[in-house]
Every structure is written in C-alpha cells, then in structure tokens.
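Undergrad: Following is a predicted model, sequence given first.
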Amino acid sequence: MMPWWGLAILVFGVNFAFWGTVGLTRLFDQLTISRWRSRKRAAYQGNVVALRYDPAGRRARQIHLTVDDVAVLIPAHNEGAVIEDSIRAITQFVPRKNVHVVSDGSTDDTFEVALRCGVKAIRTRQNVGKAGALRDAIERFKLVQRFPVVMLLDADTRVQPGYFAAALPLFDSPKVAAVAGCVRTDTRRMLSPVGNLLTGHRMRIYAINQRALKFGQTSRHLNATPIVPGFASLYRTAVLPLIDINPVGLVIEDFNMTFEVYQNRLGKVGFTLRAVAVTQDPDNFHDYIRQTRRWALGLWQTVRRHPPRLNLFTAMLALTLTELITSSLLFVILPLIAAVLLVPELASSAVSWPGFSSVYAVVSTHMTLDRIFYGVVVPDLAMTCVVAILERRPRLLLAGPFFPFLRVLDSAIGLWAIPLAWLASSNGVWKSPTRRATPGKHRENAPRPVPAAAIPEVIGAAYEPEPAAAALEQAAGYEQAAGYQAGYEQAAGYQAGYEQAAGYEEAESHHASG
C-alpha cells in the first residue's frame, strides 16, 4: 500500500523539491556572498551588447542600461478597456516616445486610445495572432536597430515601481539574453465569489512557482526555466533576429521564445522577485478554461517543435514534463478513487454489491481515505496557508478547500492538450479574456469604436492571414497614411525620426504609386 508521503511526492514532485533547494541556495548567496563580492568588485567594465544607439551610425561608449535604452512593445487585441491604464503605468517609468503599440485586428477603440495616450501605434487589418503582431511590429518600428532592450508587455499589465531598477542590472552580464518579470494578479477589481476563487488560485500558482521553481531555475550556474512569461518580459534585442518568434502551428509565443533562447545557446534567463508587474487573470470559468487550455496546448506544441538535446535545459524539461504528467494523472483519478472509498463509509453493504465489490477490493488495497487526506489535502492546505502569509491575503484561507478541485480541472485540461498538440495545428489567432476597467478610472471623451467597414482597403497587395513584413507594413501603414498621419505625428512627438523607423516614407511612396 502506498504511504501518504509517497503520494505527496508523486503529486508535488522531485522537481519541486530540487529547484526549491537550488532557490534557497541562490537566496543564501544573494544575502551573503554576492553582497560581499559586490563591495569588492572592480569598476564596471561595460556590457558588450548594451550599447546606446547613435542615429549617426556610430556606437556610443559602453554604459549601464537605463529606461532610456528600453523599448516597450504592447501587442493588443480588443483591449480598449484596459490599455489606457497600462500605458499610464508604463509611462511613469519609461519615456513616452519609447512606448509602441500594435493593435492586432482590434474591432474596438484600442488603436485610438493608444494614439490619444501619445504613444506610437500601428494596427493590422486582421487578427494575425500575438506572435505575428510582435514579429512584424519589431520590424516596422525597427526596435532591434534603435534599442538594446525591448520589453514585451501585455495590454492588461501594469508595471510596478522598482521593476526596471531590479531587472535592468541583470543585463550587466552579457550572458543574459532575457529577463522574466515577476507576475502578480490584479486584486483591485470587484469580483464575484467565483472570480475571487479563480484569481486566488492563480495567485497561489504564481507565488509558489516563482518562489520555489523559477527562482531556482534562473540561478547563475543551473539556469534552465521553461518559460519567460509574455506578460512583462525583457529581451536583449541582439538575440531577437536569431529567434523564430512566429513559427507555423503554435498557439502562443512565450514558451517557444524561451526554448529558442536555450536550444540555440543564445544565453541565459534572468529573474528577480523584485521586478513585479500586475496582470488581470480570468474571473469566470469560461475564460479560465480557455486560457488554461491555450497555455497547456502552447507548451506541448513547443515541445513537439523542439527536439531534445544533450543539455541542462532538456534534462530539466524532461523532469518537469514527466512529473507534470504523473501528477496530472493522479489528480484526475483521485476523485474517482476517493468516491470508491467513500461509498462503503456511507453504505456498509456496498462492499457486497456485484461489480463494485471487486473494484473496491483493488482500490482499497493500494489507497485509503486517510492517505489521500494526509498526502494531498493537508499539503495543499499548507501551501495555501504559506501563500496567504507571503501575499498578506488571509481571505485565501476561505477558498483553500476548493483549490484541490481547481487542480483537478487544470490537470484534466493539461492531459487533454497532449494529444491535441500532435493532432492539430494552430494559427495563433487570439482572443483575450474578459477585461474589467480599473475602479475609479474613467475614460472621458474616449473615441468611439471604428467599424471594420470603415478601415481603408490595403493599397497594392492583398493581406494574408500570416503576412510577411511588407504586407503588414501596407496593412498597418496605409491606415495611418489614409487619415491618421497628422494625428499620429502630433501624438508621437517626433515626425522625422519616426517616419524613417516606422516606414512612412515607404507608405507614402506606395500610396502615390497606387
């Protein structure tokens, strides 16, 4: 018969214990050895990649990175309810001229709100997917040539004070190719009991995974994390041309971009718990299931695309996926096992029922209700208590008894995604969860949504579902050329420089020839 502690190991895994130990070692190093080394370190020698771009064609002296060196790229699809709040938050820390928005086939006023906020914005005529929008916006805005670092920021995410002070120094090491942000769920919204339960579950996942897994996985010597989350991440622009941001058949981009960093030996991933950004998580079951399914499918599609190699990343990934499958299988079948064991407790004659008696005999030989309670329920509740303390959210304790059922749901979705990743291909088209406007924020005089019929036709070429860069330039650039150019130049604040960077000269020439 399986002991309760054996069940706990199968559910929570060696992976959790191993990387948690590495994380504790890293924390000790930061608190003691690294602090001593920083006092003894010689004068800064410069970062060979972190060079300030000189428009005259020269490279300035090597420097520490500052927010002036960071381009912010916000992909958005129908995010009119939240994007103004996100832009307001990021422009408190980054110059407004560094912020770029690509509205991916939005049918609401996302594009107009971005222009009204005074940032640079383009839009596509169709929903080409987040990865496609990112890839082509990086080319359209010429971010690789203009900035040493780019932040990929979701439209529902608010960067918190201290993010850049904590994250940018990690690029002082030329080995760091990307820096992952520390995510926290938005708690400012007024939600229903179901919404509070779902966001509380996500809060618990974030708190444990980031402190016990990602903090260890991004240590200096053992550096191998499966994902740099796309909600608020930093990439060294020098590595972006070497990353296939939008390969065919993937539903999301962040798993793939992380795999590309490791498998192509582009560098390491940095992470600090102090680089915090707040994002909106789904607050209803429909959006929650859809987003969880999208994440799970994206993981397994990326695994399918990248064959294993003899390196630390593949070893870490193999351990993670193995335990993900075993723990998911256990969580899916445990309710059935518990039901079989519970029936005789409610009806003692059940042990003699035809058919059920043999099933009960097999199940009871290997498992009991006590072992499920001490091996699964108690550790799960203990995890909730720890997170409630760390996040200072005592209300999580009220939802604690329901979290195991959400883990069953997560496990079922994750297992369902495995065969689908090999049987189906995705086009990357996305639909964001329902967004909630921030309480107390009123968007007065906001532009009305523009109907799709009012968007000008593309001049000179047809728009494809997966466009090349030139096609997107036509689809996005001609919309500005057809009536937004003057307003855009006024909002952006520097006409001549951006005309060259964003392709207006090309747009005007195509328009004239058309």
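TA: On my side now, so go ahead. Residues are numbered from 1 along each chain as shown.
Undergrad: Now for the closest residue to residue 273 other than its chain neighbours, how many residues are close by?
TA: Leaving aside its sequence neighbours, residue 273 sits nearest to residue 182 (CB to CB, 6 or more residues apart in numbering; 5.1 Å). For glycine as for every other residue, the C-beta is placed from the backbone atoms N, C-alpha and C. A count of nearby residues for residue 182, using other CB atoms under 10 Å, gives 23.
Undergrad: how would you label residue 182: helix, strand or coil?
TA: strand (DSSP: H, G, I helix; E, B strand; the rest coil).
Undergrad: For residue 341, see how far away it is.
TA: 41 Å (CB to CB, to the nearest Å).
Undergrad: again, but for residue 134
TA: In terms of CB to CB, residue 134 sits 50 Å off from residue 341.
Undergrad: the more surrounded of those two?
TA: Between residue 134 and residue 341, counted using other CB under 10 Å, the more crowded position is residue 134 (23 against 18).
Undergrad: following the helix or strand containing the more buried one, which helix or strand comes up?
TA: Here residue 134 sits within helix 130-140, counting by DSSP states H and E. Sequence-wise, the next helix or strand downstream of helix 130-140 (DSSP H and E) is helix 143-146.
Undergrad: Against which helices or strands is the helix or strand just after that next one packed?
TA: Next helix or strand after helix 143-146 toward the C-terminus (DSSP H and E): strand 149-153. Strand 149-153 sits against strand 70-76, strand 232-236, with contacts defined as 3 or more CB pairs under 8 Å, 6 or more residues apart in numbering; DSSP states H and E.
Undergrad: Describe which strands the shortest one pairs with in its sheet and in which direction.
TA: Same thing as strand 232-236. Applying DSSP bridges, strand 232-236 is found paired with strand 149-153 (antiparallel), strand 176-185 (antiparallel).
Undergrad: which of the ones you listed sits most buried?
TA: strand 149-153 (a mean of 27; mean count of other CB atoms under 10 Å).
Undergrad: Report the angle between it and strand 70-76.
TA: 30 degrees (axes from the mean of the first three to the mean of the last three CA atoms, to 10 degrees).
Undergrad: what distance separates strand 149-153 from the middle of the whole chain?
TA: Taking the mean of its C-alpha atoms, strand 149-153 sits 12 Å from the chain's own mean (CA atoms, centre = their mean, to the nearest Å).
Undergrad: got a list of contacts for it?
TA: If you take CB atoms under 8 Å, 6 or more residues apart in numbering as the criterion, strand 149-153 is touched by 50, 65, 69-75, 86, 90, 94, 134, 138, 143-144, 159, 168, 171, 230-237, 240, 277.
Undergrad: And for stretch 162-169?
TA: Residues outside stretch 162-169 that contact it (CB under 8 Å, 6+ apart) are 64-67, 70, 93-94, 149, 179, 181, 232, 234, 270, 272, 274-277.
Undergrad: repeat that with 10 Å
TA: 50, 64-67, 69-70, 89-90, 93-94, 149, 151, 159-160, 176, 179-182, 232-234, 270-277 (CB atoms under 10 Å, 6 or more residues apart in numbering).
Undergrad: what's the pLDDT at residue 472?
TA: The model reports residue 472 with a pLDDT of 38.
Undergrad: Begin at 30 from now on, thanks
TA: With the count now opening at 30, the last piece we talked about shows up as residue 501.
Undergrad: my read: residue 347 touches residue 337, true?
TA: Yes: between residue 347 and residue 337 there is a contact under CB atoms under 10 Å: 7.1 Å.
Undergrad: Run a quick neighbour tally on residue 301.
TA: Counted by other CB under 10 Å, the residues lying close to residue 301 total 19.
Undergrad: This protein: strands as residue ranges?
TA: Taking DSSP state E as the criterion, the chain carries its strands at 80-82, 88-91, 99-105, 128-133, 149-153, 178-182, 187-188, 205-214, 261-265, 297-308.
Undergrad: May I see these organised as CSV, with mean pLDDT added?
TA: Shown next, in CSV, are these (pLDDT from 0 to 100):
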stretch, mean pLDDT
strand 80-82, 41
strand 88-91, 44
strand 99-105, 96
strand 128-133, 96
strand 149-153, 94
strand 178-182, 97
strand 187-188, 94
strand 205-214, 96
strand 261-265, 96
strand 297-308, 95
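Undergrad: between those, which gets nearest to residue 389?
TA: Smallest distance to residue 389 across those (CB to CB): 41.6 Å, for strand 205-214.
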